[in-house]
Each structure stands twice: as structure tokens, then as C-alpha cells.
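> Build me a model:
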Amino acid sequence: MQTTLKHKCTFTGVGLHSGAPVTMHVCPADVNSGILVKRTDVALGDNKIQARWDQVRQSPLCTLLVNQAGLTVSTVEHVMAALAGCGIHNATIEVDGPEIPIMDGSAVTFVRAFLDAGLLAQSHAVRAIRVLKPVRFETDAGWASLAPSDLPRMSFHIDFEDAAIGVQEKSMNLSNGSFVRELCDSRTFCRFSDVEYMRANGLALGGTFENAVVVDGDEVLSPGGLRHSDEAVRHKMLDALGDIALAGAPIIGHYTGYRAGHAMTNSLLRVLFATPDAFEIVECDAKLAATLPGAGVKSEEILQVA
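Next up is the predicted model:
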């Protein structure tokens, strides 16, 4: 069955890029609504954006949605990952500015609130996207691919000069509560050498040592250090799940990212949907639905993360 929230969840924080205060509500929604973003600070014109791959505009550092009127909302990837990882198919995100609040730089705050609010099973079956043949998008920097798989799976490889990150790889089955248990608390990260450059160019003004893992060579500068020895690659997987969720339905396939980022994953979705014989839309029976991300996840599973 499709799922929505039982109750509205409210979040207050700052925008990563502007540093401005942001309030966001994630609200229940009707069946087949998908994920809709609404700018509550905009009174005139079209203030709604469907959270979908074809509403994405290429942007540095984050995923940016834009509607036909030119209205934007940025940094949607973490809340999208939390919704997908908790198995929430229908929700309305109301935000009073152009950014989703960054919170602690991970998705754990969203996940805790969603599971505490409770999930409501709806009357319609979940529709999923089954990958039928491999598709790939590649640049000089890296590549991303989707391949057939009986279960939703993800593999990721990163390679950074800083020894505190270095080369990291991780593969996992995304079924059930694995996102909640293994990925949702992993924070965004950056190199200390990039911080001053970003600030000088008006980027990441809301970034702090409290909402990002900042590294300098072999040192982790953020208080408390790492939550996982491979937190960086786990966060890249968190981002990728959020970006894949913009497909509009769960994907049954194996996503692989090699030094991939937001733009690369979105471009991969564009390749997928431009290749009609590479996928099919399936209505999930109970057995198939039980393999999807978030299926059967329980609030006590969040206790296993930070």
C-alpha cells in the first residue's frame, strides 16, 4: 500500500546557502499525490513544485527544484531521502523560503520526526519503476548507472585527496529499514580549504562545524569527529537516494555511483526516462512492496543511529 504521514511534522533551522531562518512543515497527502513542495512565503502566482526529476535545475552543492514560473526550492535531497527511506510515498512539504533547512547536515532529524508521527497506509497499491536494462551517464569526473536487480540496491565509490576521507566504498540492499539503520545520520562533508572559497562566493553561508563534517588533510575538525569511519560515502549514498527519489516512484534496480554527485544522478534519471525499453512501471503486490525502502520500518530502529 501507498503510505503517508499520520500527522504534520514541523522543522526549524537555517538554509545552508543563505544562513537565513527556515520553517518547514511536512504534511500528510492523498493517494497518488507524490511529493509536492509549496513555498508558503509566496502569496501570488504558482507557489508549488512537484518533487520530480524533470523539475531539477543544475546547481552547485545541492539539488534545486524549479517550477514553470521560475520559483525555486533548494537542498531538497536530504528530506527526499528521509521520505524515501521511511517508505513515505505521498506528502506535501511547506517551506517559508527558498531552501529546505539543513538541520545537522544529515537526514536523521527528519527520519525521527516521521517515525514519531507515524505512517498511515493508504488504499492504493504502490507503483514502482523496475529497471529492465542497464543505463549509464558519464563525465570526466565520474559516472552513475542503473542496472536490473530483484531488489533496490546501491553501490558507491568516492576518492578524495584528504586522508580523513580518502577512498571509500560501500554497497547495500536498500530494502526495508536499511536507510534508517545505516545511512540517515551521515552528514554532508567538505574540505576546510573549500570553506573560505565558498564563503567568499556567497555559498554555504549557513554551513557550520555543527551541520557538516569539515576535514583538513587527515584531521576531522568538526566537534565529536565522525559518526562512522566511512561517514562520507554513506552521506553520498544518502544524497543519491534523495536524488533517485525524484523519479517519482521507488526504483527496483541497482544504482552505482563512481565519484557521482547530484547533477550526475539527475542526468542518469533523464537517460533512464529517455530510454523507454530500459524500464517498466509495475504495481507492487504485497511481496514486492515488502522489499521497497522503508517497508515495515519501525520507530525503534532509529535508536540504532546517532
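
> Identify each buried residue in stretch 140-158, please.
The neighbour-count check on stretch 140-158 (16 or more other C-beta atoms under 10 Å) flags 142-147, 149, 152-158 as buried. Every C-beta, even on glycine, is put in place using the N, C-alpha and C of the backbone.

> And stretch 26-38, end to end?
10 Å (C-alpha to C-alpha, to the nearest Å).

> I'd like the numbering to begin with 56 instead of 1 from here.
Sure, I'll start counting at 56 from here, so that last one is stretch 81-93.

> returning to what we had before: which ones among the buried residues of stretch 195-213 lie within strands?
Those of the buried residues of stretch 195-213 mapping onto strands are 198-202, 208-213, per DSSP state E.

> Identify, from the residues you listed, the entry nearest to Val128.
Within those, proximity to Val128 (C-beta to C-beta) peaks at Ala199, which comes in at 23.1 Å.

> can you redo the buried residues of stretch 195-213 as TSV with distance to Val186?
Below are those laid out as TSV (distance: C-beta to C-beta, whole Å):
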residue	distance to Val186
Gly197	20
Trp198	16
Ala199	13
Ser200	10
Leu201	5
Ala202	6
Ser204	7
Pro207	10
Arg208	10
Met209	13
Ser210	14
Phe211	17
His212	20
Ile213	23
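
> now, which of these sits nearest Ala146?
When these are ranked by distance to Ala146 (C-beta to C-beta), Pro207 comes first, at 19.4 Å.

> Okay, the residue nearest to Asp159 when sequence neighbours are not counted and Glu274: tell me how far apart.
For Asp159, ignoring the flanking residues on the chain, the nearest one in space by C-beta to C-beta, 6 or more residues apart in numbering is Asn266 at 5.4 Å. The spacing between Asn266 and Glu274, counted by C-beta to C-beta, to the nearest Å, is 18 Å.

> With neighbour numbers in mind, choose between these two.
More crowded of Asn266 and Glu274, by other C-beta atoms under 10 Å: Asn266, with 20 against 13.

> If I look at that one, what pLDDT would I see?
pLDDT recorded at Asn266 is 77.

> so it makes contact with Ile157?
Yes - contact criterion C-beta atoms under 8 Å: Asn266 and Ile157 qualify, at 5.1 Å.

> Mutual contacts of the two, please.
Here Asn266 and Ile157 have 71, 243 as joint contacts, going by C-beta atoms under 8 Å, 6 or more residues apart in numbering.

> still on that earlier bit, quick one: the residue nearest to Asp159 from Ala202, how far?
In this structure, Asn266 and Ala202 are 34 Å apart, going by C-beta to C-beta.

> Check Arg254 and give its pLDDT.
Arg254 carries a pLDDT score of 65 in this model.

> Strands along the stretch 206-355 of the chain, start to end?
Remark: strands assigned in the stretch 206-355 of the chain by DSSP state E, counting those that start in this stretch are 208-214, 222-228, 244-246, 268-271, 274-275, 306-307, 309-313, 334-338.

> need the ones you listed in CSV with distance to Leu120, can you?
Below are these laid out as CSV (distance: least, C-beta to C-beta, whole Å):
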stretch, distance to Leu120
strand 208-214, 22
strand 222-228, 27
strand 244-246, 23
strand 268-271, 25
strand 274-275, 32
strand 306-307, 19
strand 309-313, 20
strand 334-338, 22
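
> before we move on, the earlier item: how about the residue nearest to Asp159, phi and psi?
As for Asn266, its main-chain torsions (degrees, to the nearest 10) stand at phi -120, psi 20.

> what sits against the spatially closest residue to Ser210 that is not a sequence neighbour?
Leaving out its chain neighbours, the residue that sits closest to Ser210 by C-beta to C-beta, 6+ apart is Ser226, at 4.0 Å. Contact analysis of Ser226 by C-beta under 8 Å, 6+ apart lists 208-211.

> Would you tell me which one of the strands of the stretch 206-355 of the chain is buried the most?
When you average the neighbours per residue for each of these (mean count of other C-beta atoms under 10 Å), strand 306-307 leads with a mean of 26.

> Convert stretch 312-330 to PDB, retaining C-alpha atoms only.
This file holds the C-alpha atoms of stretch 312-330, laid out as PDB (Å, rounded to 0.1, in the frame of the first residue of the first chain):
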ATOM      1  CA  GLY A 312      27.800   5.900  -8.300                       C
ATOM      2  CA  TYR A 313      31.500   6.400  -9.000                       C
ATOM      3  CA  ARG A 314      32.500   9.800  -7.800                       C
ATOM      4  CA  ALA A 315      29.000  10.800  -8.700                       C
ATOM      5  CA  GLY A 316      27.100  13.900  -7.500                       C
ATOM      6  CA  HIS A 317      23.600  15.500  -7.600                       C
ATOM      7  CA  ALA A 318      23.800  16.600 -11.300                       C
ATOM      8  CA  MET A 319      25.100  13.200 -12.400                       C
ATOM      9  CA  THR A 320      22.300  11.300 -10.700                       C
ATOM     10  CA  ASN A 321      19.700  13.600 -12.200                       C
ATOM     11  CA  SER A 322      21.200  13.200 -15.600                       C
ATOM     12  CA  LEU A 323      21.100   9.400 -15.100                       C
ATOM     13  CA  LEU A 324      17.300   9.700 -14.500                       C
ATOM     14  CA  ARG A 325      16.900  11.700 -17.600                       C
ATOM     15  CA  VAL A 326      18.700   9.000 -19.600                       C
ATOM     16  CA  LEU A 327      16.500   6.300 -18.000                       C
ATOM     17  CA  PHE A 328      13.300   8.100 -18.900                       C
ATOM     18  CA  ALA A 329      14.500   8.800 -22.400                       C
ATOM     19  CA  THR A 330      15.000   5.100 -22.900                       C
END
